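J.: Just the structure for this:
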Amino acid sequence: MSQNQQQFKYSTGVVAYPVFFVLFIWVVFWLQVRFFPVIKTFGVYPQKLEGLSGILFSPFIHADIQHLYHNSIPLFILSVALFYFYRKISWKVIFYGILLSGLITWIIGRPSNHIGASGLVYVLVSFIFFKGIFAKHYRLVALSLIIIFLYGSMIWYVFPVKEGMSWEGHLGGLISGLFFAIVFRKSVAKPERYVWQQPDYNEDDDPFLKHFDENGNFIEISEPEIEDEMPSEENTLNITYTFKEKKD
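T.: As a prediction, this is how the structure comes out:
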């Protein structure tokens, strides 16, 4: 089995990890609404030391059910694609993506409470799109085109086009995804190479090309004749069978 086939292979974790990840976010929201409303204040506060803790907590906190719903669906779909196509580096992309996008938000953000998993969603969209383009593998390029078709309109929200939306978190996620697409350059499947693309390929040893001359004309190669050899007396094996009648 080739390296690409091993990487593009379904496993339980491809769906299980995204399900548990999204479920955990819903549990946090339930705890926030039902018991601990203070959870909502644990977001990223830019340029404040106490706001640094929000880099880890903010992706799991949401303002309301609509905010949570809009982030859950793309987060699940993109996570499944990440774990299936980029299994070896999936957790690194998620963990470091949360850290880097949160840090960028903390640096460039307005003085407000920035919460929500949208920053991570932008990390995944950016990483999957750019990595597929850089890898030049036909499956990953196709995935990039699907991502841009489904979520291409999200690019507008890295600009301050809507009041009350953390465009800084979106921009931080976009930059982080592009950064990891460059950093993890060698950790993806390589394009399939044919025999004639291998560095040690020799045309003289190719059984197909032997049927053509230097001008490309077909040459009929006759198969060597095989002479029937009659077995000699020395090579003859005599087998004797003895039968014994069965008495009543």
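J.: By mean pLDDT, which helix or strand of this protein comes out lowest?
T.: In the chain, the helix or strand scored least confidently by mean pLDDT, DSSP states H and E is helix 3-7, which has a mean of 50.
J.: May I ask you to name the longest helix in the protein?
T.: Looking across the chain with DSSP state H, the single longest helix is helix 12-34.
J.: Summarise which helices and strands it is packed against.
T.: Identification of packing neighbours for helix 12-34 by 3 or more Cβ pairs under 8 Å, 6 or more residues apart in numbering; DSSP states H and E yields helix 65-85. Where you see a C-beta, it was placed from the backbone N, CA and C, and this is true even at glycine.
J.: Show residues contacting the helix it packs on.
T.: Residues outside helix 65-85 that contact it (Cβ atoms under 8 Å, 6 or more residues apart in numbering): 7-8, 10, 13-15, 17-19, 21-22, 25-26, 29, 62, 90, 93-94, 116-118, 120-121, 124-125, 127-128, 139-140, 143, 147, 150-151, 188-189.
J.: let's see it at 6 Å
T.: Outside helix 65-85, the residues that touch it by Cβ atoms under 6 Å, 6 or more residues apart in numbering are 14, 17-18, 22, 29, 62, 90, 116-118, 121, 124, 128.
J.: pull the CA atoms of it into CSV?
T.: Provided in CSV are the C-alpha atoms of helix 65-85 (Å, rounded to 0.1, in the frame of the first residue of the first chain):
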residue,chain,number,x,y,z
ILE,A,65,-27.3,29.9,20.3
GLN,A,66,-27.2,31.4,16.8
HIS,A,67,-23.5,32.2,17.2
LEU,A,68,-22.8,28.6,18.2
TYR,A,69,-24.9,27.2,15.4
HIS,A,70,-23.2,29.1,12.7
ASN,A,71,-19.8,28.0,13.9
SER,A,72,-20.7,24.3,14.6
ILE,A,73,-21.5,23.2,11.1
PRO,A,74,-18.4,24.5,9.3
LEU,A,75,-16.2,23.5,12.2
PHE,A,76,-17.5,19.9,11.9
ILE,A,77,-17.2,19.7,8.1
LEU,A,78,-13.8,21.2,8.0
SER,A,79,-12.5,19.1,10.9
VAL,A,80,-13.6,15.9,9.1
ALA,A,81,-11.7,17.0,6.0
LEU,A,82,-8.7,17.9,8.0
PHE,A,83,-8.5,14.5,9.8
TYR,A,84,-9.1,12.6,6.6
PHE,A,85,-6.7,14.3,4.3
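J.: pLDDT on that helix, on average?
T.: For helix 65-85, mean pLDDT is 94.
J.: Equivalent analysis for stretch 178-192, please.
T.: 74.
J.: likewise stretch 138-155?
T.: 87.
J.: For that stretch, report the contacting residues that lie outside it.
T.: Applying Cβ under 6 Å, 6+ apart, the contact partners of stretch 138-155 are 125, 128, 129, 132, 133.
J.: how close does the last one get to residue 86?
T.: Taking Cβ to Cβ, to the nearest Å as the measure, residue 133 falls 14 Å from residue 86.
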